[in-house]
Each structure stands twice: as C-alpha cells, then as structure tokens.
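[1] for reference, the sequence and a predicted model appear below.
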Amino acid sequence: MPTTATDAYSDIRDAVRALCAEFPDAYHRDIDSRRTYPEAFVEALTRAGWLAALIPQDYGGSGLGLAEASVIMEEINRSGGNAGACHGQMYNMGTLLRHGSAEQKQLYLPRIASGEWRLQSMGVTEPTSGTDTTKIRTTAVRRGDRYVINGQKVWISRIQHSDWMILLARTTPLADVAKKTEGMSIFMVDLRAAERSGMTVRPIANMVNHETNELFFENLEIPAENLIGEEGKGFRYILDGLNAERTLIAAECIGDGYWFIDRVTKYAGERIVFGRPIGQNQGVQFPIAEAYIEVEAANLMRFRACELFDKHQPCGAEANMAKYLAAKASWEAANACIQFHGGFGFADEYDVERKFRETRLYQVAPISTNLILSYVAEHLLGLPRSF
Ligand SMILES: Cc1cc2nc3c(=O)[nH]c(=O)nc-3n(C[C@H](O)[C@H](O)[C@H](O)COP(=O)(O)OP(=O)(O)OC[C@H]3O[C@@H](n4cnc5c(N)ncnc54)[C@H](O)[C@@H]3O)c2cc1C
C-alpha cells in the first residue's frame, strides 16, 4: 500500500514483518476463538528482543526510541495480530526507567530484557473512580519496612501473563493533600507472591480477547523498597508513562487502519456485483479513500509525538491528539472494511470482525475520546475546566 509519510524504519519493519509472517491469520483467529493468550507469538517477540526495544543497551535492551518502538507495535497490528497482548511491557518499563532508582533498574531491567521477567501489567483504574483517577480508594500504608495495600482495581490486563505490575495507590488521604494529584505513589508488585498473600484475581469476560481482570487487595504486604521514585509523586510518574502508552496505541491503531484498508481495497477490487467490481462504485471508493487519508494524517501526528518524547520535550498534546486521530481513523477504516465485505465481514474466517472488535476498544481505553477532547479544550485552548 502506498504511504506518503517519510519512513526511516524499513529495517525494523522488514524484520518485525518477517517474524509476524510466522504467525498468520489462522493463528490469531484460533487464539481469539479459544480466548487464550498468544504465548508463542509473545515469546517469539521477546526472544527476538523486540519487547526490550526501549531498554537501554547497558541493561541488555536495544536502546531504541519511542519512534522505533511504535513501529514494532504498528507492524504487529498491521500483520493481523494484536499488540494488546504485549504492549504493556513497552510503556511500563519506561516508568521504571525514568523514575526508578539505580538499584531498581539494575534489578528489573536486565531480567525484563532477557525475557526472564515480564512487566506487562499496570493497575490504575478502579470501579468507583473510573477516569477520575485522583479519587482512587486503594491505599498503601507504610508499616516499618513494608507497605500494606487494601482496595480494589478493575480492568487490569495481562495479570496471568506478567510477573510484575506497577500499582498506583494512595499513600496520603485525599483530604490531607494540597493538590488532588499529590499523595499517590507507585509500586512494583510481584504478582505471583501477591496471589499467595492478599491479592485475589477475577478475570472479566469481554468483547475482545483481552486478558483483563478485577483485583482485590486485602492487607497485601509489599517491601518498602518496591516504591518507585518519591512517595506521593506517583500520579506525575504515571502521567509521564501515559504519553508513551497513548503514542504506542496510536501506532497500533495505524497498523489496524492499514490492515483494514488493505483488506477492503483488495476485496472491493475483486468482488463482482451487478457485473462490475464493487470498488468501481464511488459510494464504495469514497469511505475507503477517506479512511486512508485519516490514517495517513494520524501517522504524521504519531511521529511528531514520538519525536518530542524521544527528545524529552513535553508531548502530552501530541500524544493525546495522535491517539485521538489514530483511534478514529482505524475505526472509520474498520467500518468501511466490514461494510464492503457485506455478509462475509461477519464470518470469522475473514478476520474482519475480529479486528473490528479489537480496534473498537481504543475509543474507550486506555483513555476515552471524550477525555482527550476535554484535555485539548482545557489545556490547549484555555477553555474553562469542566471537572
Ligand atoms: C479491555 C480493557 C483493558 C484495560 N486495561 C487496563 C489496564 O491494564 N490497567 C488499567 O489501569 N486500566 C485498564 N483499562 C481501563 C480503561 O483505562 C478505562 O476503562 C478507561 O480509562 C475508561 O474508564 P472507565 O471505564 O472507568 O469509564 P468512566 O470513567 O466511567 O467513563 C465512561 C464514559 O463516560 C464518558 N465520560 C466520563 N467522564 C467524562 C467527562 N468528564 N466528560 C465527558 N465524557 C466523560 C467517556 O466517554 C467514557 O468513555 C482497561 C479497559 C478495558 C476495557
């Protein structure tokens, strides 16, 4: 498919494409139908070092930037796979890298880079507070050399296929802080140890094959040295990581968008109805062309966000706008793809309905479209705050 965006990443694309080609549509379809985890695929990506792209070479990774990492995620989705099974590791390790102590980096990063440990989970969302993160009720109370965790999380992904989770909890009650964003902290939680001593995991059956869970904490004790950075600053640290998360997910949506456009273009060129290819009708051509334009535009914003992130410059606006544009573009492309496949769009064997379900998630998670619009209105345009 032609792309107008300049792309300096063809080596990475070719290598990731070659690996993904070993896991064809039938593999992802089977994993989806059995609602199981693509272990062999994630293992192959880990062995090839792709999931350690952002870890510096000193710690055994390849020391690449967010732009390269985003290309890896894009190619996974573009190949017909779903990076949702493994994207957590990319942005979670960024939080550790930017805010962890020298000892923590030395302990975790080489093991994550080698594949010995996975850091695929991040526990932020709670059932009562939803998007209003500063109202979280999960608490971490210091007792000697431990923190004691109590509370509940929801929609926490990949717990069963991760060794560690970054957990956000309140260390100072909301009523006792000057700013509502203060008084929250982040911790490394050893998931297998936690399951044995105070954390209960309840899987949530859902529309996509996304392994996600409710978590309940009852006097879970974790070592004080698992605190990342300074106590009380966790919200700021998490926000920093969210810019990487949004940009990587934008790239996944772009990969989806290209996949949909590629499939529907081919199908519309071949499917003959009323004696001619359906793609000869402008009513069919225009929604596909429109989706293509939007994916290309989103692609530019994604690389702008990556550039700023990699230069350690503020990129909140660009990361949010990239996520917004890409999620919208992939959804438009998904709609065109399913529509012009007619009835076949609904058949499992075409993979369109699977990818359609998968890309729909990104209108809601990890941040909903409305919240991005509100961020742009208030933080960029200076309109009055609504909450
Ligand atoms: C499959 C899946 C995996 C997930 N994985 C994780 C994970 O690993 N870790 C984690 O911490 N979280 C995870 N999440 C949670 C996800 O980040 C949240 O679902 C998302 O941020 C929305 O929060 P909520 O569901 O509480 O919606 P709510 O906050 O209840 O909002 C519901 C809807 O209301 C609208 N809305 C809310 N407030 C406003 C407002 N002020 N103005 C306008 N509109 C508004 C938005 O459209 C929003 O979509 C996951 C979710 C899903 C579905």
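    Alright, I've got the coordinates. Worth saying up front: this structure is predicted, and the values here are computed from it rather than measured. Residues are numbered from 1 along each chain as shown.

[2] every contact and neighbour count from this point should use C-alpha atoms.
    OK.

[3] and the helices in the stretch 101-250 of the chain?
    Using DSSP state H, counting those that start in this stretch, the helices of the stretch 101-250 of the chain run over 102-114, 191-196, 234-270.

[4] which parts of the stretch 101-250 of the chain are strands?
    Assigned by DSSP state E, counting those that start in this stretch, the stretch 101-250 of the chain shows strands spanning 121-123, 139-143, 146-157, 164-170, 184-190, 199-203, 212-223, 227-228.

[5] wait, residue 47 touches residue 115, no?
    Yes - the pair residue 47 / residue 115 is scored as a contact, 7.1 Å apart, by C-alpha atoms under 8 Å.

[6] need the residues of the protein near the ligand, please.
    Within the chain, the residues that sit near the ligand (C-alpha under 6 Å from any ligand atom) are 121-125, 130-131, 155-157, 210, 212, 364-368, 370-371.

[7] list buried residues within these.
    Burial by neighbour count, 16 or more other C-alpha atoms under 10 Å: within those this picks out 121, 122, 123, 124, 125, 131, 155, 156, 157, 210, 212, 367.

[8] which of those sit farthest apart?
    Largest separation among those by C-alpha to C-alpha: 131 and 210, giving 19.6 Å.

[9] now the stretch 1-150 of the chain against the ligand: closest residue?
    Of all residues in the stretch 1-150 of the chain, the one sitting closest to the ligand is residue 130 (3.0 Å; C-alpha to the nearest ligand atom).

[10] where does the chain have low pLDDT?
    1-6 (pLDDT under 70).

[11] and stretch 96-104, how far out from the chain middle?
    Here stretch 96-104 shows a centroid-to-chain-centroid distance of 21 Å under the convention C-alpha atoms, centre = their mean, to the nearest Å.

[12] identify each buried residue in that stretch, please.
    96, 97, 99, 100, 101, 104.

[13] which residues touch the residue of the stretch 251-387 of the chain found nearest the ligand?
    Among the residues of the stretch 251-387 of the chain, residue 366 lies closest to the ligand, at 3.8 Å counting by C-alpha to the nearest ligand atom. When contacts are counted by C-alpha atoms under 8 Å, 6 or more residues apart in numbering, residue 366 is found next to residue 246.

[14] specify the local secondary structure of it.
    Using DSSP: H, G, I helix; E, B strand; the rest coil, the secondary structure recorded for residue 366 is coil.

[15] now do the phi/psi pair for it.
    Main-chain dihedrals, residue 366, degrees, to the nearest 10: phi -80, psi -10.

[16] before we move on, what about residue 183?
    phi 90, psi 10.

[17] would you check that it makes contact with residue 175?
    No - at 9.9 Å, residue 183 does not count as touching residue 175 under the criterion of C-alpha under 8 Å.

[18] for the one helix or strand residue 322 maps to, packing partners?
    Element membership of residue 322, judged by DSSP states H and E, is helix 316-340. Counting contacts by 3 or more C-alpha pairs under 8 Å, 6 or more residues apart in numbering; DSSP states H and E, helix 316-340 packs against helix 234-270, helix 282-310, helix 352-360, helix 369-375.

[19] that helix relative to helix 282-310, how many degrees between them?
    Here the directions of helix 316-340 and helix 282-310 differ by 150 degrees (axes from the mean of the first three to the mean of the last three C-alpha atoms, to 10 degrees).

[20] next, the buried residues of helix 316-340.
    Neighbour counts over helix 316-340 (16+ other C-alpha under 10 Å) mark 316, 318-338, 340 as buried.

[21] against residue 254, how distant is the residue lying closest to residue 288 once chain neighbours are set aside?
    Using C-alpha to C-alpha, 6 or more residues apart in numbering and skipping residues adjacent in sequence, the residue nearest residue 288 is residue 336, 6.1 Å away. Distance, residue 336 to residue 254, using C-alpha to C-alpha, to the nearest Å: 15 Å.

[22] again with residue 350
    For residue 350, the distance to residue 254 - C-alpha to C-alpha - is 20 Å.

[23] of the two, which one has the most company?
    residue 254 (37 against 17; other C-alpha atoms under 10 Å).

[24] show me what contacts that one?
    Going by C-alpha under 8 Å, 6+ apart, the list of residues near residue 254 reads 74, 78, 295, 298, 299, 326, 327, 329, 330.

[25] go again using 7 Å as the cut-off
    The contact partners of residue 254, by C-alpha atoms under 7 Å, 6 or more residues apart in numbering, come to 74, 295, 299, 326, 330.

[26] check residue 126 too.
    By C-alpha under 7 Å, 6+ apart, the contact set of residue 126 is 136, 152, 153, 154.

[27] if we use 10 Å, what do you get?
    By C-alpha atoms under 10 Å, 6 or more residues apart in numbering, the contact list for residue 126 reads 132-133, 135-138, 151-156, 214-215.

[28] let me know the closest of those to residue 65.
    residue 156 (26.1 Å).

[29] in the sheet, who's paired with that closest one?
    Using DSSP bridges, the beta-bridge partners of residue 156 come out as residue 213.

[30] that one contacts residue 121, correct?
    Yes - between residue 156 and residue 121 there is a contact under C-alpha atoms under 10 Å: 6.9 Å.

[31] now for those two: what residues contact both?
    Residues touching both residue 156 and residue 121 (C-alpha under 10 Å, 6+ apart): 165, 212.

[32] and for residue 14, the neighbour number?
    Residues lying near residue 14 (other C-alpha under 10 Å) number 12.

[33] now the one 10 residues further on
    Around residue 24 sit 12 other residues, with neighbours defined as other C-alpha under 10 Å.

[34] then the one 5 residues further on?
    Around residue 29 there are 19 other residues, counting by other C-alpha under 10 Å.

[35] cool, residue 40 as well?
    Close neighbours of residue 40, defined as other C-alpha under 10 Å, add up to 11.
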